[in-house]
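Visitor: Next input, structure requested:
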Amino acid sequence: MNGSTRDILIIANPVSGRGRRRRGHPAETATRALREAARQVELRYTQAGGDAEAFTRSAIVESPGRFGCVAACGGDGTVQQVAHVLADLRAELGDETPALGLIPAGRCNDLASALGLRLGPAEAARVIAEGRAMALDLGRVNGRHYCTVATMGFDAAVSRFVDGMKMPLTGTPAYLYGALRVLMRYASPQVSMEGDFGSRSGRLFMVSTANTATYGGAIPVAPRASPTDGLLDVCILDDAPKLRLVRTLLKVIAGKHEERKGVHLLRTRSLHITADRPLELWADGERVAETPAKLEAAASAIRIFVPG
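Guide: Modelled structure (predicted):
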């Protein structure tokens, strides 16, 4: 069965982004658009953490061959849960595994932004109905797949702050506000790492391990990263006085940090990280692991619908 003619499952977070619930939710708009295009659609709303992962796995395992696409409608956490299951099952099912569809409805929509798919729900539905499924790399940390950038150090602290804040900010403004609030009290850890580039150790302010070039709503932390090259791009910022770090972060946001003192951009297939204390790693707006951590590039881990 061709993925373009099989049924579509939409998994939607009813309170993603700015707290919208089912009435007027982007998932409803996308569902109508797909049905108008004569596609069979099943829409399921999550109710608790982990539901997107559970719904994806049960749909594929219990109804083999039925779905050609599992579309994530919500924030980056919802996307990550769906993508993780698709990657896990693809090792067994190959191209019979459904492709991922994106219906952006979250705070940052990092994967959609990185792929140029930050679309309204009707446009996103059109891509799913009429587009093509291309292979996409994922990152993997301690066995958990992620879509965009896994952060450790300062960035992880900012991610935790943004995840818990109540202000109605999204994308880069949310990151900037969180960065300003976290920076003054942040202390850089002692970190050791090994990758294809060799070994590095020292007091590091930030380590971002990127499958895509952007995160935080479109911040180009790893400008040369590609989710189709089988590699992870690593952006390391050495510890420095606070004023210099502020200037460096502004350069990162502008994508002009490659030649900045204390910035190192490296590439690797895998990365091992240890630190002088347990440190959280965040990716796609979610806490995914803590040190010690092993990160790997998972080449062609899933397929995703993009414009034809």
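Visitor: all helices of the stretch 201-308 of the chain, in order?
Guide: 242-254 (DSSP state H, counting those that start in this stretch).
Visitor: Show me where it has its strands.
Guide: Along the stretch 201-308 of the chain, the stretches classed as strands by DSSP state E, counting those that start in this stretch are 232-238, 263-268, 270-275, 280-283, 286-290, 293-306.
Visitor: likewise the stretch 51-200 of the chain?
Guide: Under the criterion DSSP E, counting those that start in this stretch, the stretch 51-200 of the chain contains strands at 67-74, 99-104, 132-141, 144-146, 149-153, 190-195, 198-210.
Visitor: which sections of this structure are below the confidence cut-off?
Guide: Scanning the chain for pLDDT under 70 picks out 1-4, 16-23, 166-167, 171.
Visitor: I'd like the strands of the stretch 201-308 of the chain laid out as a markdown table, including mean neighbour count and distance to Ala37.
Guide: C-beta here means a position set from N, CA and C on the backbone, and glycine is covered the same way. Below are these laid out as a markdown table (neighbours: other CB atoms under 10 Å; distance: least, CB to CB, whole Å):
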| stretch | mean neighbour count | distance to Ala37 |
| --- | --- | --- |
| strand 232-238 | 23 | 37 |
| strand 263-268 | 18 | 41 |
| strand 270-275 | 19 | 42 |
| strand 280-283 | 24 | 33 |
| strand 286-290 | 19 | 32 |
| strand 293-306 | 21 | 13 |
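Visitor: separation between the residue lying closest to Leu93 once chain neighbours are set aside and Asp276?
Guide: The spatial neighbour of Leu93 that comes closest, neighbours along the chain excluded (CB to CB, 6 or more residues apart in numbering), is Ile60 at 7.5 Å. Going from Ile60 to Asp276 by CB to CB, to the nearest Å gives 42 Å.
Visitor: for Ala187, same thing?
Guide: Taking CB to CB, one finds Ala187 at 11 Å from Asp276.
Visitor: So between those two, which is more surrounded?
Guide: Between Ala187 and Asp276, Asp276 has the larger neighbour count (other CB atoms under 10 Å), namely 11 against 8.
Visitor: Identify the residue spatially nearest to the more buried one, adjacent ones excluded.
Guide: Per CB to CB, 6+ apart, closest to Asp276 is Gln190, 4.0 Å.
Visitor: And Ala114, by the same measure?
Guide: Here the residue nearest Ala114, using CB to CB, 6+ apart, is Thr212, at 3.6 Å.
Visitor: Now do the contacts for the one you found.
Guide: Shown in contact with Thr212 (CB atoms under 8 Å, 6 or more residues apart in numbering): Asp110, Leu111, Ala114, Leu115, Cys147, Thr148, Val149, Ala222, Ala225, Ser226, Pro227.
Visitor: Was I right to think the fourth one contacts Phe305?
Guide: No. Using CB atoms under 8 Å, Leu115 and Phe305 do not qualify as a contacting pair, with a distance of 10.2 Å.
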